[in-house]
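*Asks:* when you get a sec, could you give me coordinates for this:
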Amino acid sequence: MFDKVLVLSVSAGSGHTRAAEAIEQVLNQERAARDVRHVDALEYTNKVFHNLYSKAYIDVVNKAPYMLGWLYDQLDRPWQNWRLKLAFDKFNTRPFVRMLQDYDPDITICTHFLPAEIISWLKAKRRLSCAQAIVVTDFDVHAMWLCHHYEHYFVALEETRVHLNQLGIPGAKISVSGIPIDPIFSMPKEKSAMRRKHGLDLEKTTILLSAGGFGVGPIQNLVSSLTELRHTTQILVICGHNRELKNRVDKLSASLSTTRPITVKTFGYTREMDELMAASDMVLGKPGGLTTAEALSKGLVFVIVNPIPGQEERNADHLLEEGVAIRCNNLPALAYKIDRLLDDRPRFEAMRSKAWALSRPNAAHEIVSKLLSLREGQDS
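*Replies:* Residues are numbered from 1 along each chain as shown. Okay, here's the model as predicted:
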């Protein structure tokens, strides 16, 4: 057992936070520590830096995603320019450093590279003596995740483990755990029961379309394209906190001709994503690390549209290579591509089977179990 555990995320998008919440939940369920705290590292930075990481990130995703892709590629140079970046981050995270030293945890578990980098520096300077675990929340690993002072890395795929190992991280310090998701996704839920609960047709092919917690992306355009589907389909649109988006999609749904084989049902922000995924057959949207891991846990085929250049492009590559996804680069052809897949039921069912095989719904449990075993090894 640990005395004090600090789980650290960064609220740039929702994925890092959801991964941290999953680990926090398992730590508490298994009584793995006397005190567990989950902290958003950005809450301990100055206002300008906070906005750069959170609000500006969402704006760039919506308005200039190509800039993220350019930055992603420019910064993906292992062990280069890290001193300059560290100097910038140190200057903006002084309150975060004070918080770390005041709390003095036994171990930090980082689901974002920003706190991991600062902790690595503090450990190097012997200003912090805790262990550090780093949980990579995408299928690929970027150079920004690399640290000199840590105890263990957790990654999604064997290929990612090999990549880290080739970059100098010892194999004994890397575990292939999968991406940590809420433990509720590991609980089997019967499809027809979930459809009944949420007022859905029991027989129709069901597509889940998510805008994420922030309700971002060209969701209305996607729904318009899906109205051209030939197959009888119900579309579940998750609009998050974006009420304006929900109202627009509701109006679009109401305008659909009753002769079309398509129905659309909208949801706002929901804590029942596991149930809606269990009720679905495929998920359509951006392949963020957490969304992808959740979808795989329910055996969903992924229809990739508009991945964010950089990490989501790489996630998309892995999904396509594993045979669990199709990708549509041209929105007018979206309905055609989905119809073609649904016409080939053997292919569709094979993709679902591969999704199940690739899933790691117990990743959070595996991470906590590994950390406890490492702790016991140190104490013995």
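*Asks:* helices and strands of the chain: which one has the lowest mean pLDDT?
*Replies:* helix 82-92 (a mean of 66; mean pLDDT, DSSP states H and E).
*Asks:* so what's Ile134 up against?
*Replies:* 110, 113, 116, 145, 147, 150, 152-154 (CB atoms under 8 Å, 6 or more residues apart in numbering). C-betas here are computed from N, CA, C, even on glycine.
*Asks:* so which of those residues belong to helices?
*Replies:* 113, 116 (DSSP state H).
*Asks:* quick one: mean pLDDT for stretch 45-59?
*Replies:* Mean pLDDT, stretch 45-59: 73.
*Asks:* can you give me the end-to-end distance of it?
*Replies:* 20 Å (CA to CA, to the nearest Å).
*Asks:* can you check stretch 251-261 too?
*Replies:* Termini of stretch 251-261 sit 17 Å apart (CA to CA).
*Asks:* contacts for that stretch?
*Replies:* 220, 223-224, 227, 229-233, 262-266.
*Asks:* also stretch 11-29?
*Replies:* 5, 7-10, 32-33, 36, 38, 40, 42, 53-54, 57-58, 61, 109, 111-112, 135, 137, 179-183, 212-214, 288-291, 363-365, 367-368.
*Asks:* and with 7 Å instead?
*Replies:* Contacts to stretch 11-29, defined as CB atoms under 7 Å, 6 or more residues apart in numbering, come from residues 5, 7-10, 33, 36, 38, 40, 42, 53-54, 57, 109, 111-112, 135, 137, 179-183, 212-214, 288-290, 364-365, 367-368.
*Asks:* need the contacts of stretch 251-261 in CSV with distance to Val48, can you?
*Replies:* Shown next, in CSV, are these (distance: CB to CB, whole Å):
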residue, distance to Val48
Gln220, 33
Val223, 37
Ser224, 38
Thr227, 43
Leu229, 46
Arg230, 51
His231, 50
Thr232, 51
Thr233, 46
Ile262, 46
Thr263, 46
Val264, 41
Lys265, 41
Thr266, 36
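*Asks:* keep only those of those residues that are in helices.
*Replies:* Per DSSP H, the contacts of stretch 251-261 map to helices at 220, 223-224.
*Asks:* low-confidence ranges, the stretch 1-150 of the chain, go.
*Replies:* 53-57, 82-91 (pLDDT under 70).
*Asks:* could you redo the last one with a cut-off of 90?
*Replies:* Residue ranges of the stretch 1-150 of the chain with pLDDT under 90: 1, 11-15, 42, 44-95.
*Asks:* same check, this time on the stretch 201-350 of the chain
*Replies:* In the stretch 201-350 of the chain, residues with pLDDT under 90: 210-224, 238-260, 268-271, 286, 306-310.
*Asks:* just the helices in it please.
*Replies:* 219-226, 243-255, 273-278, 289-297, 311-322, 334-343, 345-358 (DSSP state H, counting those that start in this stretch).
*Asks:* quick check: angle from the second one to helix 219-226?
*Replies:* For the pair helix 243-255 and helix 219-226, the angle between their directions (axes from the mean of the first three to the mean of the last three CA atoms, to 10 degrees) equals 20 degrees.
*Asks:* and if you look at the longest one?
*Replies:* Orientation check (the same axes, to 10 degrees): helix 345-358 against helix 219-226 gives 150 degrees.
*Asks:* would you mark the buried spots in the helix or strand that helix 345-358 is followed by?
*Replies:* Using DSSP states H and E, the helix or strand that follows helix 345-358 in sequence is helix 363-379. When burial is assessed from 16 or more other CB atoms under 10 Å, helix 363-379 yields the following buried residues: 363-369, 371-372, 374-375.
*Asks:* what do you get for stretch 97-107?
*Replies:* 97, 99-100, 105-107.
*Asks:* and Thr270, how many neighbours?
*Replies:* 16 (other CB atoms under 10 Å).
*Asks:* state the distance from it to Ile326.
*Replies:* Counting by CB to CB, to the nearest Å, the separation of Thr270 from Ile326 is 26 Å.
*Asks:* over to Glu43?
*Replies:* From Glu43 to Ile326 the distance is 39 Å (CB to CB).
*Asks:* neighbour count for those two, which is higher?
*Replies:* Legend: neighbour count by other CB under 10 Å for Glu43 and Ile326, higher for Ile326 (21 against 12).
*Asks:* touching, Val39 and Thr45? I think so.
*Replies:* No. The criterion here is CB atoms under 7 Å, and Val39 misses it with Thr45 at 11.6 Å.
*Asks:* which residue is the nearest non-sequential neighbour of Val264?
*Replies:* Ser253 (3.8 Å; CB to CB, 6 or more residues apart in numbering).
*Asks:* still on that earlier bit, going by distance to Ile207, which of the buried residues of helix 363-379 wins?
*Replies:* Of all the buried residues of helix 363-379, Ile207 sits closest to Ala363, with 25.4 Å by CB to CB.
*Asks:* for the residue sitting nearest the centre point of the chain, give me its contacts.
*Replies:* Central residue of the chain (CA atoms, centre = their mean): Leu290, 2.1 Å from the mean position. Applying CB under 7 Å, 6+ apart, one finds that Leu290 lies in contact with 15, 18-19, 137, 179, 181.
*Asks:* what about it, distance to Tyr269?
*Replies:* For Leu290, the distance to Tyr269 - CB to CB - is 15 Å.
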